[in-house]
Every structure is written in C-alpha cells, then in structure tokens.
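**Q** have a look at this fold, sequence not included:
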DNA sequence: CTGAAAGCGCTAACAC
DNA sequence: GTGTTAGCGCTTTCAG
C-alpha cells in the first residue's frame, strides 16, 4: 500500500511536463500535443498503472462528479433499491458516481438537514432526494444550494423538480385489464392511509369504470390497512356480500395476497371464480403467489434514471437549475400480466 | 448558489488566521488557543454558515473518510439493502460515509475490477465487497491496495477478512424448533444449487436430528429450485408419501410459500397438521403468509455493521490491515418465531 | 507544440 | 497563543 503514482511520476517517466500529461490524459480540447508525445504519455501512464486522484481533480476543477442521493429506508423493500439502481446506471453513463445516504421515513427534519449538509460538504454536484413511497415532503433547505430533484415525492412551493408515478393512470390500466376480460362487477380494496396513491388509485378505479359505461361512483370499495391482513379482511367483507364481484382490484400486492387467502377460504378459485389485479409488482409476492398475480409496476427504476439524467443536465448547465414548471413529472405504471385474470364465469 | 464560504472567510470575520480557525474547528490536540478566541471563531463560523470542504480536507490529510461498498444486485431483494444499512450505520457512527457501487451477480471480472478502481480513484479509505447471497468469489485485485473486507462471501487464498452467516447453526436452530415442539418425522426441502447455504443447511438439518437421537442420515430430503414453485413441487412429493412428515424445514421462505400451497391443496392445515419453518426471513413473505411463517433470519444487517466496524479499525490502524486468520467470521442466524409451528397431531 | 506556475480549500510543521 | 507557509495532486492560463 505504498505511495500512489501521480501525474508527476508519469511526466517523469514520459520525459514531459505535468501539463502535457494532464493535457493528453484528459483529451483537453485546447491542447495541441504531437501524436508521438501522446502515445509516450499514454504508455508511461499505462505501465505505471496510473489512476487519477479524483479528489484533487475535483478540488481543482470544482466538480466532484458525485451525485448525492438521500434515500429513505433502503433496507425495507426493493423499491428504494430500484430507485438507486436507476439513478446509478444513469449517473454512471454520464460519468458520475452516486453517493447514497440512508435516512428513515421517521427521521426528524434536523437529521434530514444534516444528511444533506454532509453531502454538500462532500461537494456533490447535485442531489436526488428520494422517499420510499409517493408522498409530499418538506424538502431540506440545503437542497437549494445545488441542483436537486425529488424522486417519488413532491414538495409544494419549493420550486424543486420532481418525478412521481402516475398512480391514476396505473389504476385505470389495472381496471381496464379486468374490463377487457369481460368483468362488470368490479370492486376495489383500498388503503386507509391518506397518501397520494390512495386517492390517485381510487380516482383511477372509478374513472375507468365510468369510462366503460358502468357506475364508477357506486362501485364497491373496502378500505383497510395496506398489508396481507388488511387485504384479507377487506376481501372477506366484500366477497361475503349477496352479489360479490367477479373482479377485484387491490391497492397493492400485499393486500392482494390477503385477498387470495380470503378467496381460498371461501372456496373461490382464482382466476376461474375471481380475477385479481394488484399494484406495486413486488416480485417476491406477485411471482410467488399461485396463480401468479397480474399487477401494475411502480416505475422506481425509471424515476431514479429520469431524475439522475435530469440532474446531470442541470449540473452541466444543459437544463436550468431552477425548476421550470410547477408540475411533477408523471411516469407511467405499466401492467405486468401474470395469471390471475380470466373472463367472468357467468 | 454563489461562492462557498471557506476557512479564510471565517478567519477574516473572526479576525484571526486560518491556522487558528483550523485548529479550533478541528479541536486539534496540539493547539493552544484561548477560550475567547475559540468562541470568536466558533460564532463566526456559525454565522457565516461555514461547512468544511471535505474534498480539500481529504486531499491534504490523505484521508477521505469514505468507505467504498461494492454490492451486488441492490435492487433485487432487501438483502443487499440490509447489508448497506448495517454498514452505513456503523460507518456513520465512526464518522465515515459510504460510497456504494452497484454491480451485478452476472458482472464480468473486468467490470468488477473497474468498480473497485473507480472507488480507489475516489481515494476511499477502505472497501467492503458484498455479494447478494453467501458464496465464494474471486476477489478483484484492486482490493489489495486498501484495507478490505468481504461481506457474505469468501475468497479462498486472498488473505481477505470476511464475514458470512452461520448457515449450519441456523439450520440446527430451525430444526430444534420443530424438535422441541415434539416432532419426530421431519423432512427438509433443500435447494438444488451448489452454494454454501445448500450444504450448510443440509448438514445442520441432519446433525440436529442425529443429535436428538433420530436418524439424521435417513431423514427425507427433497431438493428443487429455491422458489415458490420449487417448494410447491418438492412439498407435494414429500407430503404425498405413505408416512408424511409432521414437520417441514424449508431451504428458504420462498420454498415455504410453495409448501403452504401444497399443504392447502392436500387439505393439510398449518400448523395443526403440518409445522413449517423457513429460512431467510423475507419480511414480505414470512409475515404475509397465513399463518405467519416461523423462520430463520440471515444476519445481513449484522454482517454489514460488523464489516464496516472492522474496516474502520483497519483504516485507523487499530487492527492489522492484513487478515489475521484464514477463517471467515461466522455470524449467527436467529430464529424468528411466528405461527407456523405447533405440536404434532399424534 | 510544450512547460512554468498559480492556485482549488485545507492541515500542520514551524516560527514568532 | 497565534500566524506564516509549504504543500496534498491536479487543471489551466499564459509564455515561450
């Protein structure tokens, strides 16, 4: 673990000045260096196993090439992972490295400010601020100091660009799947929490029905906690009625998992007696359930990639750093078809 | 987004030299600065909203305070997330920041080398190299240039410290749960893949039985793909026999999920007719299944934390950077009790 | 075409 | 007690 080789060593080995080395290694546009010198430098660098010290480069050029990402609850679901992956790949493609800071959904705003400050001290060129589920946040003040974008979140009145899933459109697509299969008695198992997805998906549900000539406003909706148990309970209630639905749209895959159990207990076979569509596309559940659950995927990867791409544009001045419009970018939620939907029995 | 305030500005505002500012802000041990000067500096820094430029600090002090983590498949399961979280919290507690680089289980060794090189160029103080599931890897050569630790992986002959789950012990604990509940006819649904966990868990299964006075070598074992479908198929085979087991240990939670389905189809109620224990503690599955699945947790968080802690020790010279023993550190896999185990019917 | 030299913001001898 | 100053490794203007 001896001393690292620097540009100086390369210069010495190639018999040129550090300036020249820097010029050729960076393909400096303004540099005019002879081809022979160029290759001399290149081979010298190669042989010495030279690698630039990005810290020094950053200090000098005032560009760290690092994008900060503060992300909530990295460990809880794969959602955060997919945002990170999308952002990572987009950033990498543009020559940037991601620096991820984990925070908690429950973190105080002081600790969030501290996270952003830590990133700022590292001289990140821009910051991505991601939440674990679509919601509105109070963006840390530090975000104003560098280009920044909110991922899966909106922060009213902060003039920050943001990207969120098109919950409404996803719900419509989900219900359309059921509609196209021929179902007319369709119910919705909603979440009880007051978050954008709860409202967006409900609106999408109703509008899809109305748009198909059914009475969306009167369609049965049961709300419960957004987990397997909540789904089980809500499904029991809705399936026990006198004229039970033949198609069931669930707020998320976990509730759908509960609905599967309810159906099994009631002797209802999926999809022969009951068609089910979920939301979120949690691989572990959706693919593990039997039959495989048809669901709607959340564009986490896409949001991460979109945001990183934009952020780099801002950093490089290709896009104004100040947010242009008040609207959040809406990314589509694609349907993932598996085996839980079939035509109605009757 | 104007120019940032530096130590110089603070010095000017406080009417002292930069040295003094540096001394008080870093609580330099050797510095003798009067209390009044100290507070003058502190308030000046405070008022100006000064924050150090960690890049410059790092360049000068030859310590970046960054720990690199190359982690596989961040987005696929929460496992990588838990390693990251554990490492992040341990690193943070010691004043370090994590720089996470995503790689793929399928990545070429060239690309892995490149990932490590990128980290090295950023002057990370040490590197954590994590795989998504316990396996043996060919560690990138670059890891020799800084302190490094393997997480969830071993690399024979590289002299690298590493930490992995105690698969064997976890399996024994899982089977012991079944044994203590009174079961004597216990079967194992194993994975067909040739990875350490497959072998470790099988050994644990057999030894636990033998240790209890049963014939571990003759106990029924069915192997299949480690997912819900494989579990379903293997469980069908094993449950269809003439003297079916009353206790079932599954290689992982996904296979257990399949076993639940098989049991349901055979009219077997869990845990009344069949007790089931899984492995991995994949929250989404284990807690979502009904009844909740008793399983064994993989110590991902713990491995990340242990490794980061050690790595910092190495970086700070509190631990030799070269690996001491040839053995990987084994972390225990704790049992997570839910509701899938009861006494046998007979 | 190539090189000297001035810093980027900070730390830490060393001098006063 | 406090200040001067020489770099850390690199980029880039400006001379030659």
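**A** Yep, it's here. Keep in mind that this is a model prediction, so the values were computed, not measured. Numbering: from 1, shown residues only, chains lettered A, B, ... in the order given.

**Q** low-confidence stretches in the stretch 201-346 of chain A?
**A** By pLDDT under 70, the weakly predicted segments of the stretch 201-346 of chain A are A:324, A:326.

**Q** the same query, at a cut-off of 80, please.
**A** Applying pLDDT under 80 to the stretch 201-346 of chain A flags the ranges A:321-327, A:346.

**Q** what's the separation between residue A:310 and chain B?
**A** Here the criterion is C-beta to the nearest C-beta, to the nearest Å. By it, residue A:310 lies 17 Å from chain B. Where you see a C-beta, it was placed from the backbone N, CA and C, and this is true even at glycine.

**Q** for that residue, which residues are in contact?
**A** Contact analysis of residue A:310 by C-beta atoms under 8 Å, 6 or more residues apart in numbering or on different chains lists A:149, A:161, A:319.

**Q** closest one of those to DNA strand D?
**A** residue A:319 (21.0 Å; C-beta to the nearest atom of the strand).

**Q** now the residue lying closest to the closest one once chain neighbours are set aside: which helix or strand?
**A** Once flanking residues are discounted, residue A:319 sits nearest to residue A:313: 3.9 Å by C-beta to C-beta, 6 or more residues apart in numbering or on different chains. Taking DSSP states H and E as the criterion, the element that holds residue A:313 is helix A:300-315.

**Q** contacts for stretch A:218-229 next, please.
**A** If you take C-beta under 8 Å, 6+ apart as the criterion, stretch A:218-229 is touched by A:186-193, A:202, A:205-206, A:209, A:230-231, A:233-235, A:237-238, A:241, A:245, A:251-252, A:254-255, A:257-258, A:261, B:287-290.

**Q** residue A:8 contacts residue A:18, doesn't it?
**A** Yes: counting by C-beta atoms under 8 Å, residue A:18 is a contact partner of residue A:8 at 5.8 Å.

**Q** what about residue A:106, how many neighbours?
**A** 8 (other C-beta atoms under 10 Å in any protein chain shown).

**Q** and the gap between it and residue B:107?
**A** Distance, residue A:106 to residue B:107, using C-beta to C-beta, to the nearest Å: 35 Å.

**Q** just residue A:212 next, same as before
**A** From residue A:212 to residue B:107 the distance is 47 Å (C-beta to C-beta).

**Q** so residue A:340, which of the three states?
**A** Here residue A:340 is recorded as coil under DSSP: H, G, I helix; E, B strand; the rest coil.

**Q** contacting residues for it?
**A** Each residue near residue A:340 by C-beta under 8 Å, 6+ apart is listed here: A:256, A:270, A:271, A:275, A:276, A:277, A:278, A:289, A:291, A:292, A:293, A:294.

**Q** roughly how far apart are residue A:106 and residue B:254?
**A** Residue A:106 is 29 Å from residue B:254, by C-beta to C-beta.

**Q** nearest spatial neighbour of the residue positioned nearest the centre of chain A, skipping sequence neighbours?
**A** Centroid-nearest residue in chain A: residue A:300, 2.4 Å away (criterion: C-alpha atoms, centre = their mean). Nearest residue to residue A:300 in three dimensions, chain neighbours excluded: residue A:82, at 3.7 Å (C-beta to C-beta, 6+ apart).

**Q** now swap in residue A:260 and tell me
**A** Using C-beta to C-beta, 6+ apart, the nearest residue to residue A:260 is residue A:289, at 5.9 Å.

**Q** ok, residue A:158 next?
**A** Leaving aside its chain neighbours, residue A:158 sits nearest to residue A:139 (4.8 Å; criterion: C-beta to C-beta, 6+ apart).

**Q** surely that neighbour meets residue A:159?
**A** No: the criterion here is C-beta under 8 Å, and residue A:139 misses it with residue A:159 at 9.5 Å.

**Q** between these two, which has more neighbouring residues?
**A** With neighbours defined as other C-beta under 10 Å, residue A:139 and residue A:159 compare such that residue A:139 has more, 24 against 13.

**Q** shouldn't that one be within a helix?
**A** No: going by three-state DSSP, the assignment for residue A:139 is coil, not a helix.

**Q** quick one: it and chain B, what's the gap?
**A** Note on residue A:139: its distance to chain B, by C-beta to the nearest C-beta, is 16 Å.

**Q** now for that residue: which residues touch it?
**A** Under the criterion of C-beta under 8 Å, 6+ apart, the neighbours of residue A:139 are A:129, A:148, A:150, A:155, A:158, A:160.

**Q** the fourth one and residue A:95: what is the separation?
**A** Just to be clear, that refers to residue A:155. According to C-beta to C-beta, residue A:155 stands 28 Å off from residue A:95.

**Q** ok, the two, which is more surrounded?
**A** residue A:155 (20 against 8).

**Q** for that one, which non-adjacent residue is closest in space?
**A** residue A:139 (4.0 Å).

**Q** just the pLDDT at the one you found, thanks.
**A** On pLDDT, residue A:139 comes in at 92.

**Q** do you know how far it is from DNA strand C?
**A** Separation of residue A:139 from DNA strand C (C-beta to the nearest atom of the strand, to the nearest Å): 25 Å.

**Q** narrow the contacts of stretch A:218-229 to those in helices?
**A** A:202, A:205-206, A:209, A:230-231, A:233-235, A:237-238, A:254-255, A:257-258, A:261 (DSSP state H).

**Q** list just the nearest of these to residue A:101.
**A** Residue A:101 has its nearest neighbour among these in residue A:254, at 27.5 Å by C-beta to C-beta.
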